[in-house]
Structure formats: structure tokens, C-alpha cells
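**Student:** The sequence isn't on hand, but the structure is:
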Ligand SMILES: NC(=O)C1=CN([C@@H]2O[C@H](COP(=O)(O)OP(=O)(O)OC[C@H]3O[C@@H](n4cnc5c(N)ncnc54)[C@H](O)[C@@H]3O)[C@@H](O)[C@H]2O)C=CC1
Ligand SMILES: O=C(O)CCC(=O)C(=O)O
């Protein structure tokens, strides 16, 4: 079956070419759909590709039976309900780098248009008015540009503004005075930026914390005659407060590429001569659209074909070299989680994961996610994945703890997973053996050596002559062939464990029959 990729906003042809080169993939352009049409179309889609126009709501996500990935050709993902996607195990990817340059250039264009009143003068001239007095501007040189949000675009704007010989003062929660110094700009708190800037430009995402960041109180703190640029997101500015600040003469001008409600046609801000505006054009260049489309289509293909994405939004992204080092452990981790869940009937309250040896020094979060995915899949089904495993565990009140230890029991790497229920603790440890792959090397306190694959029968029994024979003949009666077998014991005549790999799945009644043997305390059939 071919993957169905649904594209609901315009996407550059270079991105489409990336999709066309992929076998077993069909793409469908369906722009300008009504909400109802979209709800129907999404039902069969494996991937959804959007820009900023399509509103990817919880309702839309929940109507999608097959959806695995949502690709945003651009940076901002405020049009996508990320929580709903995460809960459903749908990965969201964006293209954060492709339009940085264009958005920074558009910001500079807006800054210059604003300072020299170019759109107003142009409009006036087109209306047969030759008015040189009305359109006197101000220079940028030696003025202070306040930047709120010094990420990719903010930093590019700072660099360009310095080229205009402006003083740049920025605030960003990740900016230190030392870093600012290194960039040749001034560090300021939000208050200092508001107090000192002649022009203020915003480059944050729209978040709960940044909603109406520029509000009535913020405008009050600004210099009289300040000019505002917003090429980030509508909603970061309280539009009513901006409107009033312009009417009062506190704000001399505003250049807006974005407004809270888009698309916008009749907005009272647009009636003010001090406001210049563009219809969300920050990323609308040939280059940016090509970049973001190619990046996001590439990620969608990688993901659908089992690869690792470059720009996940609801998963932390990892540098390639880090990923290369830890990826081999994902399989082991998932198998250990899956093994362990077969050993208990109780509700799991806690999971402790111990990273030892060389594992103690790596990025462990993705390995933890795979462990939890292995644990949950048996009861929750295949919709558990890397994206939602931790969320689903948390929803079930399972506490996950990561620990780093130096205990390696002679292995260069050792991954130990322990589950705690209200009655017991069970654990399993595994390692990656150089050239030999994954091995389970310990179950509870017993040493074993088992490849985590296929059908495993784990027996806890009393160490006594004849038990192995009895068990072997019972399995023979069920026509179950033993492929490998190991035994370990705590002490002579004490508790012991038997690990067998067998050639077929054990039915419940067969397992029951084994448990009837008086020396057998526990029998678990584990299918990995
Ligand atoms: N108009 C357009 O067409 C385009 C708009 N954008 C928008 O521009 C914005 C920035 O994009 P990038 O620079 O690529 O993102 P980024 O993630 O590189 O930078 C955002 C920065 O905002 C900072 N930030 C977050 N909360 C803050 C707060 N309360 N105060 C100050 N700083 C805060 C972050 O620490 C980060 O450094 C996004 O909203 C994006 O959607 C991006 C591209 C095109
Ligand atoms: O798709 C677009 O053109 C909008 C770009 C944008 O706003 C973003 O990347 O955040």
C-alpha cells in the first residue's frame, strides 16, 4: 500500500519533486477545503503537509485514522495542536532553518519602509499627490533597535541592523550579557528594551508566555514616538492596545506582517496611516519556499520509511553523531521493556532505568522512551511510539526514573530496567555485545544469556533433580521444540531460573500445565 500524503497549503514544486522521487507514496493537493471536507480527506492520510493557513485542530487530528506525521513547511507551529498530535503518537516536524534569511530580510524591509514612510508615500503618489513635507522620515543610524526574541531570525536581524549602524539591544531568556557582548549588541531586560528602544521588533514564537507581550502596560513603558515591527506572529501584540497607543501618539508607526486573525481584510489597524502591513509575507520568497518544502518533504519521507527525522517538534532533536551512538540501544531498550511487562500481572507504579558503563555518558532520553514504549505496547497496542510513550506512562501515573551507575558487572555497557508494582519488583538487564548484538544478561538476580527475540519461556522453580526432565517431557507432549536452554540458581536446592527459547508461542493452557508441576513457582511465556 502506498503512503498517502495530503497537502493542504501551497507548497513549492521542489518539495513536490522530493515526494515524486519516492516509490510507494502518493501525494494529493487539496487546498482551500472547507473544514468538513478536510475532516473527510484526513481519514486516510498517512502524512499531512501544511504551511500556516491550515488549522490542524484536535478535531482534525482525532479524525485521522492513519496519520503518522504532520509536516509544517515553515517555523511556527501555532496552527497545529501539538498536544493532540503527541497524545495520538503523531510526530510533528517543521522546517526551522529554511526561511530565516527571508524573514530577517522582510523585517529589515519593514523597518526601512516604516522609518521612511515608503508605502504611504508610494500610495499617495499613485493617487496623483506630490507631497514631500508629509513623508519626512527618520534615520536608522544611531537609533536603538530593541529585539525581543534573539533566536534564528532575531539574531539575523541584529546582524543586519548593525550594518545600518544602529545600536541593538536584545532580550531573550537564553541571552546572557556575555553572549550579547560577543555578538556586539547590548543585553537588556524586557523593561530596558521597552524603555530605550526607538524601534522594537519581535521575534518570539506565539506561546502562552508571549501572548500579548506587547500590551497596554508595555506600550506605557516605551519611548514616545517608538515604532513597532511584528514579522513573527499576530497575538504577540495586543492589537487594541497598539491601536490606542497609535491614536494617543505614543507609537509613531507600526509595520505588521502578521495579525491575530488571518487572513485579515478589514482590520481597524489597517485604517491608520501610521500602519504599514503585508499579508504574512515574511517567508514568501522563492528561496525560502524551496528550502522549507524540500526540508519538510524529506523529513516526511524519512519518517514514513522508518528513518530518523531532522526537525521534530514534539520530540527533542539530536545531532547525527549522538544519534549514531545511541540508536543501536533503541532495539535493546524496547525489548527489555517488552520482556519485563510479561513478568507481572500487577499495575506498574514505577520504572527505574539504570544506565551503566559507556551508557552512563550518553544522551539517554530516547533510550528511555524506547524502553517505555516496549513496556506499554503489550497492553496499549501499536499506537504507542517514541512520541507518546512518556505521555501515556504519565497519564497512567507511572513514574519513570533514569539513573546512571558505575555497576557494569563486567560489561562495557549495561541497561537495567526495573519495574515496581504494589507487590513486587522485577528487573531485567541487557547489553550490546560487540559484533553479537543484543543480549539479556540478567533477570531479577539471575545471570542468563539470551537473545531478546522470538518465544522465550521463563520458569522460576526449585533447584531439584528431575525438574528439567519433567518440564522437557511436558513441552514434548505439546510438540514444543526447545531451541536453547539455561539454568541459574541462587543456591544449591534453592530458587532457580530456567530460560528457554522455544520454536512456537505457548498457549495459556500449556503454560497452566507447566505451573501444575509442584517444583515450578512461576512460568511466563514471553513473545518478543
Ligand atoms: N512572518 C513570517 O512569515 C515568518 C514568521 N516566523 C516567526 O518568527 C518567529 C521566530 O522564528 P525563529 O527565529 O526561527 O525562532 P527561534 O526559535 O529560533 O527563536 C525564537 C526565540 O524567541 C525566544 N523567546 C521565547 N520566549 C520569549 C520571551 N518571552 N521573550 C523573549 N524571547 C523569547 C526564544 O528563546 C528563541 O530564542 C516565530 O514565531 C516564527 O513563527 C518565522 C518565519 C517566517
Ligand atoms: O508559510 C508561510 O509562508 C509562513 C511562514 C511562517 O510564518 C513561519 O515559518 O512561521
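**Tutor:** Cool, the structure landed. Bear in mind the structure is a predicted one, so any value in this text is a computation, not a measurement. Ligands and ions are numbered 1, 2, ... in the order given.
**Student:** Can you give me the pLDDT of residue 314?
**Tutor:** On pLDDT, residue 314 comes in at 88.
**Student:** Phi, psi for it please.
**Tutor:** phi -100, psi 20 (degrees, to the nearest 10).
**Student:** measure it to residue 233 for me?
**Tutor:** Between residue 314 and residue 233 the computed distance is 19 Å (Cβ to Cβ, to the nearest Å). For glycine as for every other residue, the C-beta is placed from the backbone atoms N, C-alpha and C.
**Student:** same check, this time on residue 110
**Tutor:** 14 Å.
**Student:** Kindly report the same for residue 406.
**Tutor:** Applying Cβ to Cβ to residue 406 and residue 233 gives a distance of 48 Å.
**Student:** same check, this time on residue 384
**Tutor:** For residue 384, the distance to residue 233 equals 33 Å [Cβ to Cβ].
**Student:** ditto for residue 18
**Tutor:** Taking Cβ to Cβ as the measure, residue 18 and residue 233 are separated by 28 Å.
**Student:** In the protein, where is pLDDT below threshold?
**Tutor:** The model of the chain has no residue with pLDDT under 70.
**Student:** In this structure residue 106 contacts residue 232, no?
**Tutor:** No - checked against Cβ atoms under 8 Å, the pair residue 106 and residue 232 is beyond contact range at 10.9 Å.
**Student:** Which one of those two is surrounded by more residues?
**Tutor:** residue 232 (28 against 25; other Cβ atoms under 10 Å).
**Student:** ok, the more buried one - contacts?
**Tutor:** Contact partners of residue 232, counting by Cβ atoms under 8 Å, 6 or more residues apart in numbering, are 76, 149, 153, 202, 203, 204, 205, 206, 258.
**Student:** Make sure the first one is indeed in a strand.
**Tutor:** No - secondary structure of residue 76 (DSSP: H, G, I helix; E, B strand; the rest coil): coil, not part of a strand.
**Student:** Number of residues surrounding it?
**Tutor:** 18.
**Student:** how about the closest residue to ligand 2 within the chain, phi and psi?
**Tutor:** Residue of the chain nearest ligand 2, by Cβ to the nearest ligand atom: residue 74 (2.6 Å). Backbone torsions of residue 74, given as degrees, to the nearest 10, read phi 150, psi -170.
**Student:** Pretty sure it sits against residue 49.
**Tutor:** No - at 10.9 Å, residue 74 does not count as touching residue 49 under the criterion of Cβ under 8 Å.
**Student:** For the residue in the chain that ligand 1 sits nearest to, which non-adjacent residue is spatially closest?
**Tutor:** Nearest to ligand 1 in the chain, going by Cβ to the nearest ligand atom, is residue 151, at a distance of 1.8 Å. The shortest distance from residue 151 to any non-neighbouring residue, by Cβ to Cβ, 6 or more residues apart in numbering, is to residue 203 (6.2 Å).
**Student:** In the protein, which helix is the longest?
**Tutor:** helix 320-341 (DSSP state H).
**Student:** Mind giving me the packing neighbours of that helix?
**Tutor:** helix 365-380, strand 413-421, strand 425-433, strand 437-443 (3 or more Cβ pairs under 8 Å, 6 or more residues apart in numbering; DSSP states H and E).
**Student:** So which residues on the chain come close to ligand 2?
**Tutor:** Proximity of the chain to ligand 2, by Cβ under 6 Å from any ligand atom, involves residues 51, 52, 74, 75, 76, 99, 280, 282, 283, 284.
**Student:** Could I get those in a markdown table, plus columns for distance to residue 241?
**Tutor:** Below are the residues of the chain next to ligand 2 laid out as a markdown table (distance: Cβ to Cβ, whole Å):
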| residue | distance to residue 241 |
| --- | --- |
| 51 | 29 |
| 52 | 24 |
| 74 | 27 |
| 75 | 25 |
| 76 | 22 |
| 99 | 28 |
| 280 | 21 |
| 282 | 22 |
| 283 | 27 |
| 284 | 28 |
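**Student:** Weed out the non-buried ones from these.
**Tutor:** 51, 52, 74, 75, 76, 99, 280, 282, 283 (16 or more other Cβ atoms under 10 Å).
**Student:** could you dump these to a markdown table with distance to residue 159?
**Tutor:** What follows is those, written out as a markdown table (distance: Cβ to Cβ, whole Å):
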| residue | distance to residue 159 |
| --- | --- |
| 51 | 26 |
| 52 | 25 |
| 74 | 21 |
| 75 | 18 |
| 76 | 21 |
| 99 | 16 |
| 280 | 23 |
| 282 | 17 |
| 283 | 18 |
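**Student:** So which of those residues is the closest to residue 126?
**Tutor:** Nearest to residue 126, judged by Cβ to Cβ, of these is residue 280 at 23.2 Å.
**Student:** what about the closest one, helix or strand, and which?
**Tutor:** Using DSSP states H and E, residue 280 sits within no helix or strand.
**Student:** Compute the distance between it and residue 264, please.
**Tutor:** 9 Å.
**Student:** now do residue 126
**Tutor:** Residue 126 sits at a distance of 22 Å from residue 264 (criterion: Cβ to Cβ).
**Student:** Neighbour count for these two, which is higher?
**Tutor:** Just comparing residue 126 and residue 264: by other Cβ under 10 Å the higher neighbour count belongs to residue 264, 16 against 8.
**Student:** quick one, what contacts that one?
**Tutor:** By Cβ under 8 Å, 6+ apart, the contact list for residue 264 reads 270, 279.
**Student:** run the last query once more with 10 Å
**Tutor:** Residues in contact with residue 264 (Cβ atoms under 10 Å, 6 or more residues apart in numbering) are 234, 256, 258, 270, 277, 279, 280.
**Student:** Stretch 102-117 and ligand 1, are they touching?
**Tutor:** Yes - legend: contact between stretch 102-117 and ligand 1 by Cβ under 6 Å from any ligand atom is shown at residue 103.
**Student:** tell me which element residue 392 is part of?
**Tutor:** Assessed by DSSP H and E, residue 392 sits inside helix 389-395.
**Student:** At the geometric centre of this structure, which residue sits there?
**Tutor:** Ranked by distance to the mean C-alpha position of the chain (Cα atoms, centre = their mean), the top residue is residue 314 at 1.9 Å.
**Student:** Am I right that that one is in contact with residue 72?
**Tutor:** No - in this structure, residue 314 is not within contact of residue 72 by Cβ atoms under 10 Å, at 11.4 Å.
**Student:** joint contacts of the two?
**Tutor:** 80, 92, 93.
**Student:** The last one - nearest residue in space that isn't next to it in sequence?
**Tutor:** I take that to be residue 93. Nearest to residue 93 is residue 299, by Cβ to Cβ, 6+ apart, at 4.4 Å.
**Student:** correct me, but the one you found touches residue 69?
**Tutor:** Yes - judged on Cβ under 10 Å, residue 299 makes contact with residue 69 at a distance of 7.8 Å.
**Student:** Any chance you could list residues touching both of those two?
**Tutor:** Common contacts of residue 299 and residue 69 (Cβ under 10 Å, 6+ apart): 47, 91, 93, 309, 312.
**Student:** Put the buried members of the residues you listed into a PyMOL selection.
**Tutor:** Buried residues within the shared contacts of residue 299 and residue 69, by 16+ other Cβ under 10 Å, are selected in PyMOL with:
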select buried, resi 47+91+93+309+312
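**Student:** Which positions in the stretch 51-200 of the chain make contact with ligand 1?
**Tutor:** Counting by Cβ under 6 Å from any ligand atom, the stretch 51-200 of the chain sits next to ligand 1 at 74-76, 96, 99-100, 103, 148-154, 171-174.
**Student:** Mind giving me the ChimeraX select for those residues, buried ones only?
**Tutor:** Buried members of those, defined by 16+ other Cβ under 10 Å, are picked up in ChimeraX with:
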select :74,75,76,96,99,100,103,148,149,150,151,152,153,154,171,172
